[in-house]
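**Student:** Sequence first, then the predicted structure:
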Amino acid sequence: MNVVNNGVIDGKAVAEKVLAECVGEINSLKEQGVVPGLAVVLVGEDPASRVYVASKVRKCAELGLFSRKIELPKDATQEEVLAVVEELNADAQIHGILVQSPPPKHIDEDAIVRAIDPAKDVDGFHPENVAKLTLEDHSGFVACTPAGCMRLLQEAGVETSGAEAVVIGRSMIVGKPMALLLMSKAGNATVTVAHSRTKDLAAVCRRADIIIAAIGMAEFVTADMVKEGAAIIDVGINRVEDASANRGYRLVGDVAYDEVKDKCSVISPVPGGVGPMTIAMLISNTVKAAKQSL
Ligand code: NDP
């Protein structure tokens with residue numbers, strides 16, 4: 001199956017490949033009497049979070065994983081959320097736990113993440129897993145979105161070794177782990193991390209053989225910021241009003257796709273690029289957690 005068509009990386013096709021690999025491992029685990037299990041905790045009623053949680057649970061069912069969805073009301077206390085995490089930490093049927101972000105404002109999300117057993121932290125946000133990523137200890141879990149971006153680059157045949165890579169964004173869920181992966185011995189790229197205080201971002205980006213855009217601003221990276229032949233991974237998911245769309249809006253990335261597409265060598269589209277990879281890597285991490293529990 002072609003994963004790059006006319007320079008456009010087919011994230012769905014790569015995600016299917018990752019999931020097909022997972023199915024092989026799930027079957028072999030089942031032969032050993034283990035069904036990988038994922039628990040997803042949803043606090044409150046954020047509509048986007050509901051959609052994400054439903055799609056994660058659906059994917060588990062499709063692939064024959066065990067899953068539990070635990071819903072707590074929006075006024076659930078910190079102690080109540082922590083009690084659920086403790087129960088899941090002790091549940092032998094559960095190998096992966098994630099608490100859907102963002103929780104309601106009164107919940108201390110960092111404390112919840114720290115309470116998750118690092119061996120079940122399939123989101124890769126626990127400090128122990130962040131440390132393992134930094135140390136290149138492969139027993140840890142890598143955050144799903146940056147892990148998915150690395151796989152997209154690899155599948156698209158983008159050489160990261162020796163490449164100048166610019167990561168725009170320094171969040172703990174995308175930018176920072178992305179930079180660590182690219183600079184690791186597996187990535188071997190020369191990495192610049194840009195953020196809102198970066199001076200002359202356009203000039204910084206023009207140096208890049210690889211741009212990872214994780215900003216959260218619609219069509220922010222324009223053609224003048226891109227070197228001819230660069231590879232672009234667009235992580236952003238932004239809603240822009242569109243009266244012609246059924247829902248009244250459409251989703252666009254952080255990259256001005258139409259004008260950048262013809263200038264770069266490969267680009268991941270939004271939707272259909274990084275998005276499908278994030279859930280595939282979550283499943284992959286859950287399978288890894290189940291294997292490591294043996
Ligand atoms: P954050 O808001 O946590 O981080 C955004 C980063 O962009 C920050 O580091 C910020 O800099 C930087 N930034 C903001 N404005 C500028 C600017 N003008 N110039 C340069 N840098 C800037 O976002 P996330 O990392 O959580 O997410 C980024 C995007 O990726 C969002 O659109 C999100 O929806 C999407 N996303 C998509 C996923 C997927 O599965 N496809 C998964 C996760 C996220 P500073 O630190 O200085 O504030």
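**Tutor:** Ah, there it is. It should be emphasised that the depicted structure is a prediction, and the values quoted were computed from it without experimental measurement. Numbering: from 1, shown residues only.
**Student:** Please name the residues that touch the residue lying closest to residue 157 once chain neighbours are set aside.
**Tutor:** Once flanking residues are discounted, residue 157 sits nearest to residue 4: 7.4 Å by Cβ to Cβ, 6 or more residues apart in numbering. Any C-beta I mention is one placed from the backbone N, CA and C, and that applies to glycine too. Counting by Cβ atoms under 8 Å, 6 or more residues apart in numbering, residue 4 touches 10, 156-157, 266.
**Student:** Next, format the residues you listed as a markdown table and append neighbour count, secondary structure and distance to the ligand.
**Tutor:** As requested, these are exported to a markdown table (neighbours: other Cβ atoms under 10 Å; DSSP: H, G, I helix; E, B strand; the rest coil; distance: Cβ to the nearest ligand atom, whole Å):
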| residue | neighbour count | secondary structure | distance to the ligand |
| --- | --- | --- | --- |
| 10 | 21 | coil | 15 |
| 156 | 20 | coil | 16 |
| 157 | 12 | coil | 21 |
| 266 | 22 | strand | 17 |
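**Student:** Quick check: the two most widely separated of the residues you listed?
**Tutor:** The span of the contacts of residue 4, defined through Cβ to Cβ, is set by 10 and 157 at 13.1 Å.
**Student:** Can you tell me the element the spatially closest residue to residue 127 that is not a sequence neighbour falls in?
**Tutor:** Nearest residue to residue 127 in three dimensions, chain neighbours excluded: residue 114, at 6.7 Å (Cβ to Cβ, 6+ apart). Secondary structure assignment for residue 114, by DSSP states H and E: helix 109-115.
**Student:** How about the residues of the stretch 51-200 of the chain by the ligand?
**Tutor:** Residues of the stretch 51-200 of the chain lying near the ligand by Cβ under 6 Å from any ligand atom: 145, 168-171, 173-175, 194-198.
**Student:** Looks to me like residue 240 is in a strand.
**Tutor:** Yes. The assignment for residue 240 is a strand, going by DSSP: H, G, I helix; E, B strand; the rest coil.
**Student:** before we move on, back to that, CA atoms of the helix holding residue 114 as PDB?
**Tutor:** Extracted in PDB, the C-alpha atoms of helix 109-115 (Å, rounded to 0.1, in the frame of the first residue of the first chain):
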ATOM      1  CA  GLU A 109      -4.300  17.100  36.100                       C
ATOM      2  CA  ASP A 110      -0.600  16.800  36.900                       C
ATOM      3  CA  ALA A 111      -1.400  15.100  40.200                       C
ATOM      4  CA  ILE A 112      -3.700  12.700  38.400                       C
ATOM      5  CA  VAL A 113      -1.000  11.800  35.800                       C
ATOM      6  CA  ARG A 114       1.500  11.200  38.600                       C
ATOM      7  CA  ALA A 115      -0.900   8.900  40.400                       C
END
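**Student:** So which elements touch it?
**Tutor:** Applying 3 or more Cβ pairs under 8 Å, 6 or more residues apart in numbering; DSSP states H and E, we find helix 109-115 packed against helix 78-90, strand 96-99.
**Student:** Where does the stretch 1-150 of the chain get nearest to the ligand, which residue?
**Tutor:** Across the stretch 1-150 of the chain, no residue is closer to the ligand than residue 145, which sits at 4.1 Å (Cβ to the nearest ligand atom).
**Student:** Isn't that residue up against residue 273?
**Tutor:** No. Contact criterion Cβ atoms under 8 Å: residue 145 and residue 273 do not qualify, at 11.1 Å.
**Student:** Secondary structure element for residue 25, which one?
**Tutor:** Counting by DSSP H and E, residue 25 is part of helix 11-31.
**Student:** export that helix as PDB, just CAs?
**Tutor:** Extracted in PDB, the C-alpha atoms of helix 11-31 (Å, rounded to 0.1, in the frame of the first residue of the first chain):
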ATOM      1  CA  GLY A  11      -1.900   8.900   7.900                       C
ATOM      2  CA  LYS A  12      -4.900   6.500   7.800                       C
ATOM      3  CA  ALA A  13      -2.900   4.000   5.800                       C
ATOM      4  CA  VAL A  14       0.100   4.200   8.100                       C
ATOM      5  CA  ALA A  15      -2.200   3.900  11.100                       C
ATOM      6  CA  GLU A  16      -3.800   0.800   9.600                       C
ATOM      7  CA  LYS A  17      -0.300  -0.700   9.200                       C
ATOM      8  CA  VAL A  18       0.500   0.000  12.900                       C
ATOM      9  CA  LEU A  19      -2.900  -1.500  13.900                       C
ATOM     10  CA  ALA A  20      -2.300  -4.600  11.800                       C
ATOM     11  CA  GLU A  21       1.000  -5.100  13.600                       C
ATOM     12  CA  CYS A  22      -0.900  -4.800  16.900                       C
ATOM     13  CA  VAL A  23      -3.400  -7.400  15.900                       C
ATOM     14  CA  GLY A  24      -0.600 -10.000  15.500                       C
ATOM     15  CA  GLU A  25       0.700  -9.100  18.900                       C
ATOM     16  CA  ILE A  26      -2.800  -9.200  20.500                       C
ATOM     17  CA  ASN A  27      -3.400 -12.700  19.100                       C
ATOM     18  CA  SER A  28      -0.200 -13.900  20.400                       C
ATOM     19  CA  LEU A  29      -0.900 -12.400  23.800                       C
ATOM     20  CA  LYS A  30      -4.300 -14.100  23.800                       C
ATOM     21  CA  GLU A  31      -2.700 -17.400  23.200                       C
END
